[in-house]
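A.B. asks: Please find the sequence and the predicted model below.
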Amino acid sequence: MFRPRSEARRPSVAVTVEGRRIAVPVGASAAAAVLAAGFDSIRETAGGRERMPFCMMGVCFDCLVEIDDVPNRQSCMVEVRDGMRIRRQIGARRTHPVAG
Amino acid sequence: MTVELAIIGAGPAGMAAAVLAGELGLDTVLVDEQNSPGGQVYRAIERAAPDTPLGPDYLAGRPLAAALRASRVDYRPNTTLWHVDPDGTLFLENAGHTETVTARRILLATGAIERPVPIPGWTLPGVMTAGAAQTLLKTADLVPEGRVVLAGQGPLLYLVATQLARAGAPPGAILETAPLDNYLDAARYLGSLWPGRRLLTRGLGLVAAIKRAGVPIRRGVRGIRAVGRRRVDRVAWEGGELAANYLLLHEGVIPNIQISLALQLRHEWDETQLCWRPALDAWGQTSLPNIAVAGDCGGIAGAEAAVLTGRLAALDAALWLGHIGEAERDSRARPIQAALDRERALRPFLDRLYRPTRSVMVPAEDDIIVCRCEEVSVGRIRRAARLGATGPNQLKAFTRCGMGPCQGRICGPVVAAIIADVHRRPIAEIGTYRPRAPFKPITVGALADLEIPRCAATTKGETTR
Amino acid sequence: MEHYDAIVIGGGLVGSAIAYGLARAGLKAALLDEGDVAFRASRGNFGLVWVQSKGDGAPHYQRWTRQSADEWPALAEELLSKTGIAVGHHRPGGLHLCLDEAELAARHAMMERMRTQSGNFGFDYRMLDRRELADLLPGLGPAVIGASWTPYDGHANPLNLLHALHKGFVEKGGRHIPNSTVTEATAASGDFRVRAAGGEIGAAKIVLAAGLGNAALAPRFGLSAPVKPLKGQILVTERACETLPLPLTTIRQTAEGTIMLGDSQEDAGFDTSQRPAVMQTIARRAVLAFPWLRDLQIVRAWAALRVMPPDGLPIYDQSERFPGAFTANCHSGVTLAGAHANLLAPMVAAGMLDPTLEPFSARRLDVPAAV
């Protein structure tokens, strides 16, 4: 779990991570919200192994989550917005093959 | 849209180049993935509080970001480069939309990435890079809870330790991996300590601050492993172990050459820094006449050096594009070059003091994961190399190693080192992955909707079914 | 000098399938391969084991392709049990989508021709209308009006296949010699010597399977292989849950869940750079077929060079001037792997190509034989 440092004075933004409401500072990434929310893992690899963000700079792709219903987004590269919904990325993404 | 100069990356090199290019009258665009300028070293600098725990060296990035904002440069944040044609057409993506920009000259300033540190358990939740913890502090004012162990070597390790301590989360321990041999090797460069005294003083100051904060430092640590079931809960090493909630790894940084490799620029293996970097002249000119490189992505030299090489590249671009003459370029460059020499003075010493040990390049145990994306282990890579894969690209075919979304950014150096070890050849002969577009994912829809300028459009002889 | 029963030049899908068949037949074989950076058509393959589009106007090719597809399941099974590598072969039949009436009519006519030309071999196909297609394919785009289907088509993982053939070859005692671009070679009837990677090896039989490299190599052995590069690009999406039940000519979902999109043809010489304009055309056509593809991220893409004989049909030949020298060239290394391992390799082992392969000789191209 990551916590805000005690002298932090930034305004915050409210997001949900797996339904849990979290306040994170303006400018934080969705990955930061995931770490602040205290979950043990945020995604599973194809082999079923649990992962959390690793590099925080868009290189490792271990921070892939579903953000506002869009799967496989690099959460360390996405800035939080009020009301953002972050969910774990488990397995292959869903497709939506609605008849054309 | 056509510009004279396109700069990729808004870190110190990119910002400095952009500001000077703007002053020299070059029509410039600056493209960066992040939402604000600063790259990694000055990430989120515009939001930094004056009393930030990150310290005065971090705040030194503020004027640069301010100068960028004040310039007439077309600055494009949240914009990802997903392909670049050597002829100068850049393919960009922003918020799900794609577009192109054509530039007469391109400057790559993509900075550095952390060297992979493949230890047992490094994929466990709770294991991150030291840079990642620093980024969380910069961008979100967050610190890790519980006991944090820092492991590895290099100036960043001590810097992050100090910053975490100032932020109210002093690390529980530092496990330094620099072996005694490194100290002996670096001692040959003691002569550089005087010219490099500014950097040296800063470094020594960091170590002193750590000691004052009461953080235990263990030196010459070997065999580090992260242990835990669903996340790390212990860090073990030869002769010791500690309970830990977070393990932060760092074995130096290496140039981010994903785009320079994709362009098939000529690269060289740097045996001292143990990394690949593009072959450059003193101005950052690459093997393609319209492309130059500045900053750490051309070879690790630090943030201040990046600013200076960024300025040199801007001057050279101004000459190349016909805005100034050679005499003006050279006279403006003189003080910059002198400052650069001073910045680089301590490099040979640091490079040898913090040279990664062999096990960072060629992990000793077969079941250590190398390719995090596809979960390919050292053992599988060795077997494929023995079967006949003589380089990373053939290895990719046999093992899926390098086929994941990171496109080999993380595993590349280790894969090459393992193949070199199996075939008993120098790493310089083994080569690298060939990155392909899209450098970062784009949707099928965004690609379908892209408007492509006529010159890059389908030509005679191309059909699809 | 090391002596072998057979040397195969080229470690791609064609060379390794033949080498595997030779080693399996008990020959002491050497497989010469280039280094990490080579054209390597095999690494860029789409992965179809495709029958329905092959051999219109060339019944011998239609038959050869069918035979190969029929050998495939046994080859896949054998490779799995011998090497532990699953090549992911799946044969649910395949579809070729049509976007307008003219295209559909032309496709129907082609299927009829194939049936007529197949003679007593037979050619079973069905034309599906939009209604039937929509039941079969989720989210079918409104632009698609019909398709042809045959039961013979399928797909596999080309890289797993390459890995399995290499592993099977080595495990059967084959010698794989990488980083060995052939620099010098001498040819005499039943006596071939090749200099590569600082050493010399010799054999009574030699097979040129070096892809685009065959064009320059063949004349030295009294053969002709006038193949030229034809670039193709492929896009691969992120892993998705299983959606497409069978492969199409230009779209298929792999066992891992990724969706592959092709199929471009660019006459660009030896240039392997990607062209976004072509990538875009691939994306647009894919979206016409399945609008829901729009949301999927492309995580990987590449360009590779097909090995293309002048009329598109394979070239199989044996040297009259230097008996014992053979060549194999094609752009369908995956589809024809069954035939190469199980039908062609035994012919090479026996020292002679079957007369049924006569029509595949380069003589059909009216190219003067190398002197």
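C.D. replies: Arrived safely, thanks for sending.

A.B. asks: Test for you: state the pLDDT assigned to the closest residue to B:Arg434 other than its chain neighbours.
C.D. replies: Excluding the flanking residues, the one nearest B:Arg434 by CB to CB, 6 or more residues apart in numbering or on different chains is B:Asn393, at 6.1 Å. Bear in mind the C-beta positions are built from the backbone N, C-alpha and C, glycine included. Predicted confidence (pLDDT) for B:Asn393: 91.

A.B. asks: just A:Asp40 next, same as before
C.D. replies: Confidence for A:Asp40, expressed as pLDDT, is 87.

A.B. asks: before we move on, what about B:Ile106?
C.D. replies: What the model reports for B:Ile106 is a pLDDT of 98.

A.B. asks: quick one: it is in a strand?
C.D. replies: Yes: counting by DSSP: H, G, I helix; E, B strand; the rest coil, B:Ile106 is located in a strand.

A.B. asks: got the contact list for the residue nearest to B:Arg434?
C.D. replies: Listed by CB atoms under 8 Å, 6 or more residues apart in numbering or on different chains, the contact partners of B:Asn393 are B:Gly431, B:Tyr433, B:Arg434, C:Asp36, C:Val37, C:Arg40, C:Arg43.

A.B. asks: Identify those among the residues you listed that sit within strands.
C.D. replies: The members of those all map outside strands under DSSP state E.

A.B. asks: Return a PyMOL selection command for the buried portion of those residues.
C.D. replies: In PyMOL syntax, the buried subset of the contacts of B:Asn393 is picked out as below (16 or more other CB atoms under 10 Å in any protein chain shown):
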select buried, (chain B and resi 431+433+434) or (chain C and resi 36+40+43)
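
A.B. asks: What's the local residue count around whatever residue of the stretch 301-450 of chain B ends up closest to chain A?
C.D. replies: As assessed by CB to the nearest CB, chain A sits closest to B:Pro405 within the stretch 301-450 of chain B, at 4.2 Å. Counted with other CB atoms under 10 Å in any protein chain shown, residues neighbouring B:Pro405 total 19.

A.B. asks: For it, give me the backbone phi and psi.
C.D. replies: phi -60, psi -30 (degrees, to the nearest 10).

A.B. asks: which residue packs closest to it, ignoring adjacent ones?
C.D. replies: Excluding its sequence neighbours, the residue lying closest to B:Pro405 (CB to CB, 6+ apart) is A:Phe61, at 4.2 Å.

A.B. asks: quick one: contacts for that neighbour?
C.D. replies: A:Gln74, B:Cys373, B:Gly404, B:Pro405, B:Cys406.

A.B. asks: Where strands are concerned, which of those residues count?
C.D. replies: Going by DSSP E, the strands hold A:Gln74 from the contacts of A:Phe61.

A.B. asks: Tabulate the contacts of A:Phe61 (JSON lines), appending pLDDT and distance to B:Asp421.
C.D. replies: Output for the contacts of A:Phe61, formatted as JSON lines (pLDDT from 0 to 100; distance: CB to CB, whole Å):
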{"residue": "A:Gln74", "pLDDT": "96", "distance to B:Asp421": "32"}
{"residue": "B:Cys373", "pLDDT": "94", "distance to B:Asp421": "22"}
{"residue": "B:Gly404", "pLDDT": "89", "distance to B:Asp421": "23"}
{"residue": "B:Pro405", "pLDDT": "90", "distance to B:Asp421": "27"}
{"residue": "B:Cys406", "pLDDT": "93", "distance to B:Asp421": "22"}
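
A.B. asks: which residues does the residue of the stretch 301-450 of chain B closest to chain A contact?
C.D. replies: A:Phe61, A:Leu64, B:Cys373, B:Pro441, C:Glu238, C:Val299.

A.B. asks: Residues of the stretch 101-250 of chain B that sit close to chain A?
C.D. replies: Residues of the stretch 101-250 of chain B found near chain A (CB under 8 Å from any CB of the partner chain) are B:113-114, B:123, B:125-129, B:131-132, B:135-137, B:139-146, B:167-169, B:230-231, B:245.
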